[in-house]
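# Quick one: sequence plus predicted model below, questions after.
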Amino acid sequence: MNRNIKTILIKALAFFPMGIIFGWAFLLISCEETNTNSYQAKEIDYSRIEDYPGFIWFEPEFNIYFPDTSIVRQIKELYNPKQNKFFFYVSVTCICTKQQVEFPRVAKALSLANIPDSAFKVYSLNKPDYDYPYKSVLKIDSLPGIYIFRDSLPVYSVIDSLRAGDSTQRIEKYVLEGLKKAAGIK
């Protein structure tokens, strides 16, 4: 083989591992970059969530969860469309993490309770320290954050209650507890 060709091949092979490293770095950074919004939460139209990059995990997780129907019936009875809203502060990612199953599970329970999409407010943010609506009255320590509002004020954190409570309980039980609190029922 020609000496110049050998030299070129040796140099190309020497740079090949660096190319792989830079390629992976580019993929990781580009994923992160497409999902940030200048440190501001971005409102997501829940009815079109599958159209947003970074939410490809939502529909499969939504579809495989089957809430407790007796709890869903109680949620349906307690929901007050004039007073209650559900706020979801979620992280946009390229893959679904363990905590991200909480958002589609709550959404599934609410959907089965016939709560309209208009009762959902969804905000994407990559970190809890981003600016987000209601930051003056809400302290989000980790994502996702799922809150029940009554008359435009937060009254219950589903996720905080889930994490502080009995981990064997279904997440819709905590939604029901929040609606009871919003209705003034103990």
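Yes, it's here.

# what about the spatially closest residue to Ser152 that is not a sequence neighbour, helix or strand, and which?
Closest residue to Ser152 apart from its sequence neighbours, by CB to CB, 6 or more residues apart in numbering: Lys85 at 7.7 Å. All C-beta atoms are positioned from the backbone trio N, CA, C, and that covers glycine. Using DSSP states H and E, Lys85 sits within strand 84-90.

# So what touches that strand?
When contacts are defined by CB atoms under 8 Å, 6 or more residues apart in numbering, strand 84-90 is touched by residues 41, 44, 46, 100, 103, 106-107, 110, 115, 119-125, 128, 132-134, 140, 143-150, 152, 154, 179, 182.

# now do 7 Å
Contact with strand 84-90 is made by 41, 103, 110, 119-125, 132, 140, 143-150, 179, 182, as judged by CB atoms under 7 Å, 6 or more residues apart in numbering.

# Helices of the protein, start to end?
3-33, 58-64, 69-78, 102-112, 158-164, 171-183 (DSSP state H).

# quick one: the third one to helix 171-183, angle?
Here helix 69-78 runs at 20 degrees with respect to helix 171-183, directions being taken by axes from the mean of the first three to the mean of the last three CA atoms, to 10 degrees.

# Give the buried residues for helix 69-78.
Buried residues in helix 69-78, counted by 16 or more other CB atoms under 10 Å: Ile71, Val72, Gln74, Ile75, Leu78.

# which one of those sits closest to Ile56?
For these, the minimum distance to Ile56 (CB to CB) is 25.9 Å, reached by Val72.

# which residues sit in contact with the closest one?
Ala109, Leu112, Ala113, Glu172.

# can you check Asp151 too?
Residues near Asp151 by CB under 7 Å, 6+ apart: Gln83.

# Just the closest of the buried residues of helix 69-78 to Pro60, please.
Out of those, the member with the shortest distance to Pro60 (by CB to CB) is Val72, at 20.4 Å.

# Check this protein and tell me which residue is nearest its centre.
In the chain, the centroid-proximal residue (CA atoms, centre = their mean) is Val90; its distance is 3.1 Å.

# Phi first, then psi, for the closest residue to it other than its chain neighbours.
Nearest-residue entry for Val90: Pro144, 4.5 Å, with adjacent residues in sequence omitted and distances by CB to CB, 6+ apart. Torsion angles at Pro144 (phi, psi; degrees, to the nearest 10) stand at phi -80, psi 160.
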